[in-house]
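S.K.: Only the shape, not the letters, is given here:
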């Protein structure tokens, strides 16, 4: 099947099948939705209530954090209560830093998640000055450390998730491959090989980052480096996505763009909100993309895109006050003399467009725009000198643009190419936003036209898409983890407090992390960090440098604001 033909959603990368309790992941099975408890695992009653609530809204697999022996012992009571209440949803143990806890968790959980970055190696957050870890020694140590785990996984017939996080790569991987998607996939491939060498294959792999573009790149690279006929099952997610519409849009960019190309067997939408809020959006995203349970194997050449997220460099056009095309930033255009609705995001359109007898013109350009309205159409008879730009106005602009750049590269490169964001109509849905997310991620457009009747909410979502794909920086960027049993302060309330005081600081990146597992690493590119370091205690970071330790939670938000001011990054509202 031609992977560029509409619709895209019926193609799947066929991975090996993994059984998790009564569930199947991979091998063309329907994409499974999962989440994680925000409750500490030793609070049995609260865990049961949250498990029940997640089960009721359709969560199919639930993860619990296991930081201590006490939390693992509590799972026996949780299991008994689940049996009494008829809760049959499979459970996943989330284990960091303790191989022994992962081994023992096999008896009580259908699946165990480990992080290669801290299973036996030291994580980058634990890096010691001049430690000089030998790569091979670390590899051999890891091989030895997983032996007891393999034994128990086989004994209890459990599945394993190899959960690689951009923020917690081991120091050993960091030294050799850097803080990069390459480091992520090498960490995953090493662990896959070690388990397969010992005859264990029931694995699912995740490659998570707070940057949706890094997420896309990492999975595509993993597929490129892996054997296609025995591909490991894939768990998709954007970690530390935050909350509200922006958190959902980040997940749409990182997860949805991969699902369009048939990549992904299970998903988790991570939000800094109650865990039950994650499921409706995950369901809506899957529903909007259509039937993702098809068994026809995807052979898309686009697995390898986007590797560098570089814009396609068409020739440019000079407008009166701006330039579109070439390597210039993506531009937003509005219809001439039409005012946009008010939004919380302050921005100025880059240019205007107008209609003359249904012919579209860009600002101050006498030549009209060549408008493509038929799905998968090719501009027959197109003469670049007669037009100022090409506008893709179809229900699936992603497929159309991919066709153009595949077959019409030379003629297309003569002028800029754009898309129009649809008005409020039946044509608009999450699928179209996912198409646009992929277009922006892959650098396939030079400009976007905003329709005259757009609502404030729709305009906000478009601006969030621009921000999440790094096409335009318009607001403060928050890297906020979803709460879990390790969280050391009220993450949801604190995130809102920080956002309310800093949302006007355009372009500033602030990391808000509940604990140190991924905290310092995942927010490595943040300007400032707010990280839980103990019960009610907060550490503050300036870049990757910890500058304040053990601040009382009551004073920490104010201290963060003071730090931003001290470093000269504060501007008045």
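M.R.: In hand now; what should we look at? What you see is a predicted model, and the numbers here were worked out from it, not measured in a lab.
S.K.: Looks to me like residue 138 is in a helix.
M.R.: Yes - under DSSP: H, G, I helix; E, B strand; the rest coil, residue 138 sits within a helix.
S.K.: which SSE is the residue lying closest to it once chain neighbours are set aside in?
M.R.: For residue 138, ignoring the flanking residues on the chain, the nearest one in space by C-beta to C-beta, 6 or more residues apart in numbering is residue 172 at 4.1 Å. Bear in mind the C-beta positions are built from the backbone N, C-alpha and C, glycine included. Assigned by DSSP states H and E, residue 172 belongs to helix 171-177.
S.K.: what does the following helix or strand past that helix rub up against?
M.R.: Once the chain leaves helix 171-177, the next helix or strand it forms, by DSSP H and E, is helix 181-197. Here helix 181-197 makes contact (C-beta atoms under 8 Å, 6 or more residues apart in numbering) with 116-117, 139, 142-143, 146, 150, 160, 162, 164, 166, 169-170, 173-174, 176-177, 201, 203, 205, 207, 209, 214, 217-218, 221-222, 225-226, 232.
S.K.: Domain map for the chain?
M.R.: 18-304, 317-468, 477-566 (automatic domain parsing).
S.K.: okay, now the closest residue to residue 259 other than its chain neighbours: neighbour count?
M.R.: Of all residues not flanking residue 259 in the chain, residue 289 sits nearest, at 5.6 Å (C-beta to C-beta, 6+ apart). By the criterion of other C-beta atoms under 10 Å, residue 289 has 22 neighbours.
S.K.: was I right about residue 138 contacting residue 176?
M.R.: No - using C-beta atoms under 8 Å, residue 138 makes no contact with residue 176, being 9.8 Å away.
S.K.: what helix or strand is the closest residue in space to residue 556 that isn't next to it in sequence on?
M.R.: Leaving aside its chain neighbours, residue 556 sits nearest to residue 538 (3.8 Å; criterion: C-beta to C-beta, 6+ apart). According to DSSP H and E, residue 538 maps onto strand 537-542.
S.K.: Indicate each strand paired with the helix or strand following that strand and its parallel or antiparallel sense.
M.R.: Following strand 537-542 in sequence order, the next helix or strand is strand 545-552 (DSSP H and E). Under the criterion DSSP bridges, strand 545-552 sits next to strand 537-542 (antiparallel) in its sheet.
S.K.: Need the contact partners of the strand it pairs with.
M.R.: 488-489, 511, 520, 523, 526-533, 546-553, 556, 559-560, 563, 567.
S.K.: filter these to the buried ones?
M.R.: For those, a burial check counting by 16 or more other C-beta atoms under 10 Å picks out 488-489, 511, 520, 523, 526-533, 548, 551, 553, 556, 559-560, 563.
S.K.: Now the spatially most central residue of the chain: phi and psi?
M.R.: Per C-alpha atoms, centre = their mean, the C-alpha nearest to the average position across the chain is that of residue 238, at 2.7 Å. The phi/psi pair for residue 238 (degrees, to the nearest 10) reads phi -110, psi 120.
S.K.: surely the residue nearest to residue 138 meets residue 141?
M.R.: No - here residue 172 does not reach residue 141: they are 9.4 Å apart, not a contact under C-beta under 8 Å.
S.K.: quick one: which of those two has more around it?
M.R.: More crowded of residue 172 and residue 141, by other C-beta under 10 Å: residue 172, with 28 against 16.
S.K.: Low-confidence ranges, the stretch 1-150 of the chain, go.
M.R.: Residues of the stretch 1-150 of the chain meeting the criterion pLDDT under 70: 1-11, 122-133.
S.K.: now with 50?
M.R.: Under the criterion pLDDT under 50, the flagged ranges of the stretch 1-150 of the chain are 1-10, 125-131.
S.K.: Skip the chain neighbours and tell me the closest residue to residue 365.
M.R.: Among residues not flanking residue 365 along the chain, residue 388 sits closest, at 4.2 Å (C-beta to C-beta, 6+ apart).
S.K.: That neighbour against residue 371, yeah?
M.R.: No - Residue 388 lies out of contact with residue 371 (C-beta under 8 Å); the separation is 11.6 Å.
S.K.: quick one, which of these two is more surrounded?
M.R.: Higher neighbour count among residue 388 and residue 371: residue 388, with 21 against 16, using other C-beta under 10 Å.
S.K.: how much space between the more buried one and residue 42?
M.R.: Look at residue 388 and residue 42: by C-beta to C-beta, to the nearest Å, they are 65 Å apart.
S.K.: again with residue 526
M.R.: With distances taken as C-beta to C-beta, residue 526 is found 31 Å from residue 42.
S.K.: what do you get for residue 210?
M.R.: Separation of residue 210 from residue 42 (C-beta to C-beta): 28 Å.
S.K.: hang on, residue 326 in a helix?
M.R.: No - with three-state DSSP as the criterion, residue 326 is located in coil rather than a helix.
S.K.: Could you pull up the residues touching it?
M.R.: Residue 326 makes contact with 313, 314, 315, 316, according to C-beta under 8 Å, 6+ apart.
S.K.: What is the most widely separated pair among these?
M.R.: 313 and 316 (8.9 Å; C-beta to C-beta).
S.K.: roughly how far apart are the residue nearest to residue 556 and residue 482?
M.R.: To residue 482, residue 538 is 18 Å away according to C-beta to C-beta.
S.K.: cool, residue 508 as well?
M.R.: Taken as C-beta to C-beta, the span from residue 508 to residue 482 is 22 Å.
S.K.: These two: which has the busier surroundings?
M.R.: Using other C-beta under 10 Å, the more surrounded residue of residue 508 and residue 482 is residue 482, with 28 against 20.
S.K.: Which residue is the nearest non-sequential neighbour of that one?
M.R.: The nearest residue in space to residue 482 (C-beta to C-beta, 6+ apart) is residue 270, at 4.4 Å.
S.K.: what's the helix or strand for that neighbour?
M.R.: Applying DSSP H and E, one finds residue 270 in no helix or strand.
S.K.: With residue 355 instead?
M.R.: Following DSSP H and E, one finds residue 355 within strand 351-356.
S.K.: what sits up against that strand?
M.R.: 319-322, 324, 331, 333-337, 360-363, 369, 447, 449.
S.K.: one more time with 6 Å, if that's ok
M.R.: Here strand 351-356 makes contact (C-beta atoms under 6 Å, 6 or more residues apart in numbering) with 319, 322, 333, 334, 335, 336, 361, 362, 363, 449.
S.K.: Is residue 218 located within a strand, as I assumed?
M.R.: No - using three-state DSSP, the secondary structure at residue 218 is helix, not a strand.
S.K.: Please name the residues that touch it.
M.R.: Each residue near residue 218 by C-beta under 6 Å, 6+ apart is listed here: 181, 184, 207.
S.K.: quick one: furthest residue from the center of the chain?
M.R.: No residue in the chain sits farther from the centre than residue 357, which is 43.0 Å out by C-alpha atoms, centre = their mean.
S.K.: Distance-wise, check that residue relative to residue 368.
M.R.: In terms of C-beta to C-beta, residue 357 sits 10 Å off from residue 368.
S.K.: host element of the closest residue to residue 106 other than its chain neighbours?
M.R.: Closest residue to residue 106 apart from its sequence neighbours, by C-beta to C-beta, 6+ apart: residue 152 at 3.8 Å. Assigned by DSSP H and E, residue 152 belongs to helix 147-156.
S.K.: any idea which helix or strand comes after that helix?
M.R.: Later in the chain than helix 147-156, the nearest helix or strand by DSSP H and E is strand 159-165.
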